[in-house]
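> Sharing a model prediction with you, sequence too.
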Amino acid sequence: MVVPTGPLRQNLNVVRPSVRIAPSILAADFARLGEEARAVAAAGADWLHLDIMDGHFVPNISFGPAVVKALRREVAIPFDVHLMIAPADPYLAAFAEAGADLISVHPEAGPHLHRTLQTIRGLGKRAGVVLNPATPVQAVEHVLDLADLILVMTVNPGFGGQSFLESQLPKIAALRRMIDATGREIALQVDGGVTAETAPRCIAAGADVLVAGTAVFGAPDYAAALAALRGNSESPPSRSPPPRHAA
């Protein structure tokens, strides 16, 4: 198995602010996707979050590898690709080739999560696991050795602009404890209803990557929107950081 050593583009582990912000292109103007991607990158986004929806696993359809490949030519920031498709395995190579740096999948999107994560890492990419609101933390307990990111959905996936589910905050905290116990550098991401108001609660629970769609692309000033999110997370939560491990 190929162990990912990081893309030639900006490394996923490079942290500018204390918490990384990954604007979701799903909330952008689809008639101007390239321009929108360049705009948020110029405004200081750390990653670009790309939601892939198939109309089967979730009740909506977004875009596929061709759009990811087209956007890859527009910006150099890491591409955080969230696959809301089932089955996911047949499409992993296509998204890797299109320019994904990190590929996240749902445990429910295939029969063998462990094998799926192995495949992603074998493609030289970082691997993530996504937990829906009703998916328990135990779903990732036995695959943390292969995970580079855990994503907690704080809305039910499939549509942007939904309200934040407060019920997911204890799950974020539980995952933070689980990740810290491994001693590995596993990113803990939150997606769904993240705003300048909800971001502090996510950070306090232990999240270190925030996906924000409407809160960024719905704002008149992208740089100001990113600053508002970071303004709520400049002081890290009062917890010991996980020990560093060799890359």
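Cool, the structure landed. Residues are numbered from 1 along each chain as shown.
> Any idea what the residue nearest to residue 85 when sequence neighbours are not counted is bridged to?
Nearest in space to residue 85, with sequence neighbours left out and distances taken as C-beta to C-beta, 6 or more residues apart in numbering, is residue 54 at 4.0 Å. Heads up, the C-betas are built off the backbone N, CA and C, glycines and all. When bridges are taken as DSSP bridges, the partners of residue 54 come out as residue 61.
> just checking, residue 54 touches residue 84?
Yes: judged on C-beta atoms under 8 Å, residue 54 makes contact with residue 84 at a distance of 6.9 Å.
> Next, residue 164: phi, psi?
Residue 164 adopts backbone torsions of phi -60, psi 130, taken as degrees, to the nearest 10.
> any idea how far residue 196 is from it?
Using C-beta to C-beta, to the nearest Å, residue 164 is found at 12 Å from residue 196.
> ok, residue 222 - contacts?
Taking C-beta atoms under 8 Å, 6 or more residues apart in numbering, we find residue 222 in contact with 23, 39, 40, 43, 45, 216.
> one more time with 6 Å, if that's ok
The neighbours of residue 222, taking C-beta atoms under 6 Å, 6 or more residues apart in numbering as the test, are 39, 40, 43, 216.
> which one is it nearest to, not counting chain neighbours?
The spatially closest residue to residue 222, leaving aside those adjacent along the chain, is residue 43, at 3.9 Å (C-beta to C-beta, 6+ apart).
> Hmm, the one you found is touching residue 223, no?
Yes: taking C-beta atoms under 6 Å as the definition, residue 43 is a contact partner of residue 223 at 4.0 Å.
> which one of those two has more residues nearby?
Using other C-beta atoms under 10 Å as the criterion, residue 43 and residue 223 rank with residue 43 on top: 18 against 15.
> quick one: low-confidence parts of the chain?
Counting by pLDDT under 70, the chain contains low-confidence ranges at 1-17, 160-161, 232-247.
> As a check, name the ranges of all helices in it.
33-43, 65-72, 92-98, 113-122, 169-182, 199-205, 214-217, 222-231 (DSSP state H).
> Out of those, which is closest to residue 142?
Comparing these by their distance to residue 142 (C-beta to C-beta), the top pick is helix 113-122, with 7.5 Å.
> Please name the residues that touch the residue nearest to residue 87 when sequence neighbours are not counted.
Distances taken as C-beta to C-beta, 6+ apart place residue 110 nearest to residue 87, at 5.3 Å, with adjacent residues excluded. Under the criterion of C-beta under 6 Å, 6+ apart, the contact partners of residue 110 comprise 87, 88, 89, 116.
> ok, 10 Å please
For residue 110, the contacting residues are 83, 85, 86, 87, 88, 89, 90, 92, 116, 119, taking C-beta atoms under 10 Å, 6 or more residues apart in numbering as the criterion.
> still on that earlier bit, quickly note the distance from the residue nearest to residue 222 to residue 89.
Using C-beta to C-beta, which is the criterion applied here, residue 43 is 35 Å from residue 89.
> Quickly list what residue 80 is bridged to.
Here residue 80 shows beta-bridge partners residue 49, residue 102, assigned using DSSP bridges.
> Thanks a lot, catch you later.
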